[in-house]
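Visitor: Next come a sequence and a model predicted from it.
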Amino acid sequence: MSSSDHRGPSASPSTRPEFTYSRWRHGGWYVHGVRYPNGAIGCVSRNYPDGKWRIVCDPRPFEERPTFQKREDAAMAEWRLAQAEVLESNSGTPRCCSQP
């Protein structure tokens with residue numbers, strides 16, 4: 001898989017990618033255009049008591065995970081997280097949101 005597969009549609013390091021979404025079985029949204037090195041797809045949700053958007057598979061402790069007011073902001077943050085993994089070539093970390 002080339003690094004361009006992880007950038008999402010029409011994305012380059014200097015442009016903001018456009019995302020498309022589909023419902024995830026646990027109440028969140030798959031983020032098409034976000035791919036991790038191991039092939040997992042991005043997932044965001046606001047299915048939390050506070051109703052704020054989060055990256056579903058964020059590896060940080062829950063209390064340290066950032067929250068977002070909009071789904072698009074959470075998707076962009078996850079895209080950046082996936083890009084960091086691509087750059088670090090850290091493909092051994094399993095993700096919970098494998099493609100449906």
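Guide: Yep, it's here. Numbering: from 1, shown residues only.
Visitor: which is the next helix or strand following the lengthiest strand in the chain?
Guide: With DSSP state E setting the assignment, residue counts place strand 29-35 as the longest strand in the chain. Once strand 29-35 ends, the next helix or strand along the chain (criterion: DSSP states H and E) is strand 41-45.
Visitor: Can you tell me which helices and strands that following strand packs against?
Guide: Strand 41-45 makes packing contacts with strand 29-35, strand 54-55, helix 71-88 when contacts are defined by 3 or more C-beta pairs under 8 Å, 6 or more residues apart in numbering; DSSP states H and E. (Glycine included, C-beta is placed from N, CA and C.)
Visitor: For it, which outside residues touch it?
Guide: Contacts to strand 41-45, defined as C-beta atoms under 8 Å, 6 or more residues apart in numbering, come from residues 24, 26-36, 53-57, 71, 74-75, 78-79, 82, 96-99.
Visitor: could I get the helices and strands packed on strand 41-45 as a markdown table with mean neighbour count?
Guide: Converted to a markdown table, the helices and strands packed on strand 41-45 look like this (neighbours: other C-beta atoms under 10 Å):
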| stretch | mean neighbour count |
| --- | --- |
| strand 29-35 | 23 |
| strand 54-55 | 24 |
| helix 71-88 | 18 |
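Visitor: Could you report the separation of the closest residue to residue 21 other than its chain neighbours from residue 43?
Guide: Of all residues not flanking residue 21 in the chain, residue 29 sits nearest, at 4.4 Å (C-beta to C-beta, 6 or more residues apart in numbering). Using C-beta to C-beta, to the nearest Å, residue 29 is found at 7 Å from residue 43.
Visitor: what residues do these two have in common as contacts?
Guide: Shared contacts of residue 29 and residue 43, defined by C-beta under 8 Å, 6+ apart, are not found at any residue.
Visitor: Next up, the contacts around residue 48.
Guide: Taking C-beta under 8 Å, 6+ apart as the definition of contact, the neighbours of residue 48 are residue 54.
Visitor: So what does it have for phi and psi?
Guide: phi -130, psi 160 (degrees, to the nearest 10).
Visitor: partners of the longest strand of the chain, with directions?
Guide: In the sheet containing strand 29-35, the strands it pairs with under DSSP bridges are strand 20-23 (antiparallel), strand 41-45 (antiparallel).
Visitor: No further queries at this time; thank you.
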